[in-house]
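**Student:** got a predicted model here, sequence first, then my questions.
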Amino acid sequence: MKRFLGLTYVLLCGLAGVYAQNPPTPTNLVGQSLPGNHPEVSLTWQVPVGPWSFKIYRSHADSSHFELEGWSHSPSYRDHEVLLAHTYYYYVTSANDSTHAESPRSNIAQVTVSTSRPHGYINGTITADVGTQPIANVRIRVFRLSLEPYWSAPTETNPSGQYQVEVDTGTYFVKAEPPMNSPYGAEWYDDAPTPSSATPVRVNEGLSVMANFGLARTSPTILAYVHGVVRSSTGAPLAGASVVFMRTMQEMNFLAATTGLPPGLGAEARIIPGLGYARGVVWYDQTNGFGEYYAHVPVGSSYIAAAATNGYLPEYFNNNSDPTQADIITVRDDTSGIDFSLAPHASTGNSVR
């Protein structure tokens, strides 16, 4: 028993001596710039196993003005506070938390933060889906599969229908947008009408991936009539009232995201009497002498509708004053019953006797 206690005492004293000694100097410090939308520097080093923590020192632009950058409990560290195209210098020390002893510094690692990510190419040819007629001036847009936004310079097909886009490595959706007034419709790769059904394209460093399109001719727009009546809250028909059908906010957001252009402008931006400035206007007119209107709009689309006239509060269907709360009207065929009941402005002050 005495021999056992004596041996234990010797071991404890030995361990205490090891822990009390100066921490070892880290070696083989290596720094690497990690490309990305949020650049960072990765540091790794070697050190014997022990009860050490590590202090990371950094100097910006030269190797003479080091300041403490951070701490680590493992032989690695990520510095997120760096700028593109800037050079940084690092060294690392080991520290004993119980004695506060600190080792000599490691070697110095120099890192210049990369200005670009590894890149590859998306290329292809765009033709009509019937025959091999190339389609020129088709705009090519790419969207990163992940949630992070991605921007690329505008690219259009040449007279032979060919294009090439240089992008960062990653996975993308690709969209082909024919020029305005083209007989062909836009399409997502591969033969998809929407991004939800599109085929993703994987781009690897230094390589090209092919994404060809065969665009179909668009069908003639089919229109339907939407009928309704605009009345006062007392039930009297209101002649000459403004009625407008507009794109939904969901569609406007979708168009902004998928075309890169502000939607609802140009011919779709109008001043509506009694309502004011409106974007995304698909149809506008005024009611007849019986308070009726007949809107002529494309089928297969969804709209919000509003009515307004002088002396009355404007209303969005169905009985809403806020366009964000308006009912969405999906038109698949001729439709009726989209009626409005407008309340008078308080200032009109109908007297009560």
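**Tutor:** Right, received. Where do you want to start?
**Student:** what number of residues lie near residue 321?
**Tutor:** By other C-beta atoms under 10 Å, 12 other residues sit near residue 321. Where you see a C-beta, it was placed from the backbone N, CA and C, and this is true even at glycine.
**Student:** before we move on, what about residue 262?
**Tutor:** 12.
**Student:** residues making contact with the host helix or strand of residue 70?
**Tutor:** Residue 70 belongs to strand 67-72 when assigned by DSSP states H and E. Applying C-beta atoms under 8 Å, 6 or more residues apart in numbering, the external contacts of strand 67-72 come out as 53, 54, 55, 56, 57, 58, 59, 77, 79, 81, 90.
**Student:** neighbour-wise, which one of those leads?
**Tutor:** Result: residue 90 is most packed of these (other C-beta under 10 Å), 25 neighbours.
**Student:** report the separation between it and residue 81.
**Tutor:** According to C-beta to C-beta, to the nearest Å, residue 90 stands 13 Å off from residue 81.
**Student:** also residue 165?
**Tutor:** 32 Å.
**Student:** same question, residue 117
**Tutor:** For residue 117, the distance to residue 81 - C-beta to C-beta - is 19 Å.
**Student:** same check, this time on residue 199
**Tutor:** In terms of C-beta to C-beta, residue 199 sits 39 Å off from residue 81.
**Student:** which parts of this structure are helices?
**Tutor:** 2-20, 249-259 (DSSP state H).
**Student:** worst average pLDDT in the ones you listed?
**Tutor:** Among those, helix 2-20 has the lowest mean pLDDT, at a mean of 45.
**Student:** buried ones in stretch 273-280?
**Tutor:** Of the residues in stretch 273-280, 274, 275, 278, 280 count as buried by neighbour count, 16 or more other C-beta atoms under 10 Å.
**Student:** how about stretch 79-90?
**Tutor:** Across stretch 79-90, burial judged by 16+ other C-beta under 10 Å covers 79, 82, 87, 88, 89, 90.
**Student:** got the contact list for residue 272?
**Tutor:** Neighbour list for residue 272: 242, 244, 278, 281, 284, 306, 308 [criterion: C-beta under 8 Å, 6+ apart].
**Student:** of the residues you listed, which is the nearest to residue 234?
**Tutor:** Nearest to residue 234 out of the contacts of residue 272 is residue 308 (C-beta to C-beta; 17.3 Å).
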